[in-house]
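A.B. asks: Sequence and predicted structure are below.
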Amino acid sequence: MNNIELLKYVDHTQLKAFATWRDISALCDEAIEYKVASVCVPPCYVKQINDTYGEKINICTVIGFPLGYSVTEAKISECTRAIADGANEIDMVINISDVKNMEYKKVEEEIAAIKKAAGDKILKVIVETCYLTHEEKIEVCRAVTNGGADYIKTSTGFGTAGADLEDVRLFKKYIGPNVKIKASGGIRTIEDMKAFIEEGCSRIGTSSAINLIKDAEQRNL
């Protein structure tokens, strides 16, 4: 796989609290030029992106982000509004407190409720692995699978650590056959991207990919 081909796996991401429309529009222009999988952006920009770019771009947004402890009804409302505004993919954060309280059924039920709200749109579930024990990771794999999500996602990128290959290997062992894997958080080299894809990830969440590819192209000139 050459470097440009890596970009079809990338959710080109800008989720900083202070992201301006200038930042977001630059992200979208790059996404269109380099044909990435999607842009992953704050919910407040979804409608503006959709109004500006239309079908030229695949929009992903986040809900319950980044801490995950908003109530289920709020997450459902966020999901419904994001889809109405033009999002095709939803990355939700689980309630990590429920995991720590071993209320795994509640985690599963929340995922199922949000998947119902999302309908045929893609739902990715961020489990924030840096806060979880080995056993908790296994349990959230089951909750994500039983809840009907399309993806399990490692991290928000705002926690104490990001994606780890060992977590991806664990996910592969315990998720159901219809669940894909997204790695995100701390992926800052081309070698990292290739390693996660080779390990089985279908998506990579990063803000660095296009700049990395550009730099590599320039060095080869």
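C.D. replies: Good, I have the coordinates. As the structure is a computational prediction, the values presented were derived from the model and not from experiment.
A.B. asks: Would you mind confirming that residue 43 makes contact with residue 63?
C.D. replies: Yes - Residue 43 lies in contact with residue 63 (C-beta atoms under 8 Å); the separation is 7.0 Å. C-betas here are computed from N, CA, C, even on glycine.
A.B. asks: Three-state assignment for the residue nearest the centre of the chain, please.
C.D. replies: Nearest to the mean C-alpha position of the chain, by C-alpha atoms, centre = their mean, lies residue 91 at 5.0 Å. Using DSSP: H, G, I helix; E, B strand; the rest coil, the structure places residue 91 in strand.
A.B. asks: before we move on, the earlier item: who touches both of residue 43 and residue 63?
C.D. replies: Common contacts of residue 43 and residue 63 (C-beta atoms under 8 Å, 6 or more residues apart in numbering): 78, 82.
A.B. asks: and those two? which has more neighbours close in?
C.D. replies: Taking neighbours as other C-beta atoms under 10 Å, residue 43 and residue 63 compare with residue 63 leading, 26 against 17.
A.B. asks: Identify the residues contacting residue 100.
C.D. replies: Taking C-beta under 8 Å, 6+ apart as the test, what residue 100 contacts is residue 136.
A.B. asks: give me every residue that touches the nearest residue to residue 14 once chain neighbours are set aside.
C.D. replies: Spatially, and ignoring its direct neighbours in sequence, residue 14 is nearest to residue 27 (4.8 Å; C-beta to C-beta, 6 or more residues apart in numbering). Residue 27 makes contacts with 12, 14, 39, 41, as judged by C-beta under 8 Å, 6+ apart.
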